[in-house]
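Visitor: sequence first, then the predicted structure:
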Amino acid sequence: MPATSVPAPSRYRFAVAPSGFKESLSALEAAEAIAEGLLRVVPDAEIDLMPLVDGGEGTAEALASATGGSLVRTTATGPVGEPVATHFALLGHGDGAARQTGGRGPTAVVEMAAVAGLSLVPPNRRDPGVTTTYGVGELIRAALDAGARRILVGCGDSGTSDGGAGALQALGARLVDGSGRELPRGGAALARLDHIDPAGLDPRLAGTEILVACNPFNVLCGPRGVARVFGPQKGAGPERVEELAAALDRWADVLDAAFSPSAAADAPVPGPAGSPGAWPDLRHGPGTGASGGLGAGLAALGARLMPRFDVLLDHLDLDARLARADLVVTAEGALDRQTPRGKVPAEVARRAKLSGRPVLALAGTIGDGAEEVRGAGIDAYGGILPAPVALAEALLRGREFLADAAEGALRMVLLGSRMAFVPKAPPAPALRPASETPATTATGP
């Protein structure tokens, strides 16, 4: 029987839309690794690279590149209180910055991970009770110095759990205990907070719109509060987790007392412009737990907490580009039950399904509840590690493992495609019992 070939387009089109792999690959590096693997199988494929950011590492650089803007490099206070080299972005005209700010100045992007991210906290110093977002406030002030009057704050990959207290301190607020002494930095100290003195807040905030790109599923307080959900990932043991949860409850109380409309009526507070609406629920409101509670701290100043993909992906024309693909490949460091709750692969799958595109997801690790991603639109998923390896080796060889996994996955996809077009073999003749088989007689010469 002649071989049957697969009806195929003259050129396969793949949309490659991964997130980064924390402490291993940026989103762009992950996209390039996947493309490398795909091209080993289909060398003439058309590949559309769409490295995606979720507000975490790489956000400022990606948005500057997409809009023809620039990175501004500077130094600020890192999460453990020491100076770190960092940056923020000034977006170009590709973002329509002049229109969006009414011609008052450029739009800036402050990426909290670039100054307070977990990757900046040495493993032996990971204690979210003492790490700080002070550098985030310093970057906001630097953006104001650069003339920005619209600031996007990207939340993700944080190494802090201070509710944004450090950022408010850097912007001029004083956090005071019952003895009138200013609190040290870090979330644990908030348990001793008596009141906030906002008089020293930077007055330029009053003329600045601040948008916080965050995961709306992250909240500040309660059983699903940020200390309990993410504290262990940042180095907190069980006792520290509960200590932080109580401290953030206190933080929410004092923020309400200092900045709610009733408080502001007595003593007007210079907060961000363009933030109409009801006073937010700082404890359980969507996004208040973003980046260790940074969302709540900035929301108290009048910042708008917005679903991160609504803020960050509009410039990419993502839906139309996904619709042109024969296969969409996304990836992230881990797939688990958190993935459908605002992670990049789930957002990519949701948008791809608007045009009926199949979605394949690759991940560094497959965790508990990973099967739930199918409900988010991911058709198939797999891990990239070929065998158990030490974490340090996995991080070092991330690009190699991801490229190999993409190659292997595509070979499996194409094998399945070929099987769909191979005619089924005719059924084999039924075997009769020996008793029904005609006897043969041997004849001699």
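Guide: Received it, and whenever you're ready, just let me know what you need.
Visitor: which stretches of the stretch 301-445 of the chain have low pLDDT?
Guide: Applying pLDDT under 70 to the stretch 301-445 of the chain picks out residues 315, 420-425, 428-445.
Visitor: how about the nearest residue to residue 187, chain neighbours excluded?
Guide: Leaving aside its sequence neighbours, residue 187 sits nearest to residue 162 (CB to CB, 6 or more residues apart in numbering; 4.0 Å). Where C-beta positions appear, they are placed from N, C-alpha and C, glycine not excepted.
Visitor: my read: that neighbour touches residue 136, true?
Guide: No. The pair residue 162 and residue 136 does not pass the contact test of CB atoms under 8 Å, sitting 10.0 Å apart.
Visitor: tell me where the stretch 101-250 of the chain has helices.
Guide: Assigned by DSSP state H, counting those that start in this stretch, the helices in the stretch 101-250 of the chain fall at 113-116, 134-145, 165-170, 226-230, 238-259.
Visitor: residue 203: which of those is closest?
Guide: helix 134-145 (10.0 Å; CB to CB).
Visitor: and that closest one, what does it pack against?
Guide: Applying 3 or more CB pairs under 8 Å, 6 or more residues apart in numbering; DSSP states H and E, we find helix 134-145 packed against strand 70-77, strand 83-90, strand 107-111, helix 113-116, strand 150-154, helix 165-170.
Visitor: now with 10 Å?
Guide: Packing partners of helix 134-145 (3 or more CB pairs under 10 Å, 6 or more residues apart in numbering; DSSP states H and E): strand 70-77, strand 83-90, strand 107-111, helix 113-116, strand 150-154, helix 165-170, helix 290-300.
Visitor: could you identify which of the ones you listed is most buried?
Guide: Mean neighbours per residue, mean count of other CB atoms under 10 Å, is largest over the helices and strands packed on helix 134-145 for helix 290-300, with a mean of 33.
Visitor: if we can go back for a sec, switch the helices and strands packed on helix 134-145 over to TSV; also include distance to residue 208.
Guide: Shown next, in TSV, are the helices and strands packed on helix 134-145 (distance: least, CB to CB, whole Å):
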stretch	distance to residue 208
strand 70-77	16
strand 83-90	14
strand 107-111	9
helix 113-116	19
strand 150-154	6
helix 165-170	14
helix 290-300	12
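Visitor: which residue packs closest to residue 231, ignoring adjacent ones?
Guide: Leaving aside its sequence neighbours, residue 231 sits nearest to residue 241 (CB to CB, 6+ apart; 4.3 Å).
Visitor: next, count neighbours for that neighbour.
Guide: By other CB atoms under 10 Å, the residues close to residue 241 number 21.
Visitor: show me where the stretch 1-150 of the chain dips below the pLDDT cut-off.
Guide: In the stretch 1-150 of the chain (pLDDT under 70), the answer is 1-10, 94-104.
Visitor: count the neighbours of residue 121 for me.
Guide: Using other CB under 10 Å, residue 121 has 22 other residues around it.
Visitor: that one contacts residue 115, doesn't it?
Guide: No. Residue 121 lies out of contact with residue 115 (CB atoms under 10 Å); the separation is 11.6 Å.
Visitor: okay, the nearest residue to residue 195 once chain neighbours are set aside: pLDDT?
Guide: Leaving aside its sequence neighbours, residue 195 sits nearest to residue 176 (CB to CB, 6+ apart; 5.6 Å). Residue 176 carries a pLDDT value of 98.
Visitor: from residue 186, how far out is residue 176?
Guide: Using CB to CB, to the nearest Å, residue 176 is found at 15 Å from residue 186.
Visitor: same thing with residue 81?
Guide: Distance, residue 81 to residue 186, using CB to CB: 9 Å.
Visitor: those two: which has the busier surroundings?
Guide: residue 186 (25 against 16).
Visitor: roughly how far apart are the nearest residue to the more buried one once chain neighbours are set aside and residue 332?
Guide: Once flanking residues are discounted, residue 186 sits nearest to residue 130: 3.9 Å by CB to CB, 6+ apart. According to CB to CB, residue 130 and residue 332 sit 29 Å apart.
Visitor: who has more neighbours, the two?
Guide: Neighbours were tallied for residue 130 and for residue 332 using other CB under 10 Å; the higher tally belongs to residue 332 (26 against 20).
Visitor: just confirm that one is within a strand.
Guide: Yes. Counting by DSSP: H, G, I helix; E, B strand; the rest coil, residue 332 is part of a strand.
Visitor: just to check, it is in contact with residue 364?
Guide: Yes. Counting by CB under 10 Å, residue 332 touches residue 364, with 7.7 Å between them.
Visitor: which residues are common contacts for those two?
Guide: Taking CB atoms under 10 Å, 6 or more residues apart in numbering as the criterion, residue 332 and residue 364 both touch 21, 22, 30.
Visitor: please pick the buried ones from these.
Guide: Of the members of the shared contacts of residue 332 and residue 364, the ones counted as buried by neighbours, 16 or more other CB atoms under 10 Å, are 21, 22, 30.
Visitor: dump the residue contacts of the first one.
Guide: Residues in contact with residue 21 (CB under 10 Å, 6+ apart) are 27, 29-30, 33, 57, 331-334, 362-365, 384, 394-395, 398-399, 401-402.
Visitor: how close does it sit to residue 190?
Guide: 32 Å.
Visitor: turn the buried ones among the shared contacts of residue 332 and residue 364 into a markdown table, columns for secondary structure.
Guide: What follows is those, written out as a markdown table (three-state DSSP):
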| residue | secondary structure |
| --- | --- |
| 21 | strand |
| 22 | coil |
| 30 | helix |
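Visitor: and of these, the nearest to residue 222?
Guide: Residue 222 lies nearest to residue 22 out of these, by CB to CB, at 25.8 Å.
Visitor: out of the contacts of residue 21, list just those in strands.
Guide: Residues of those located in strands (DSSP state E): 331, 332, 333, 334, 362, 363, 364, 365.
Visitor: state the distance from the first one to residue 319.
Guide: This points to residue 331. As judged by CB to CB, residue 331 and residue 319 stand 19 Å apart.
Visitor: of the two, who's got more company?
Guide: It is residue 331, of residue 331 and residue 319, that has more neighbours when counted by other CB under 10 Å, with 31 against 12.
Visitor: pretty sure that one is touching residue 24, no?
Guide: No. Applying CB under 10 Å as the test, residue 331 and residue 24 come out as separate, 11.3 Å apart.
Visitor: quick one on the thing from earlier: now the residue nearest to residue 186: how far from residue 163?
Guide: Distance, residue 130 to residue 163, by CB to CB: 14 Å.
Visitor: now for the two: what residues contact both?
Guide: Counting by CB under 10 Å, 6+ apart, the residues touching both residue 130 and residue 163 are residue 187.
Visitor: please consider this matter closed, and thank you.
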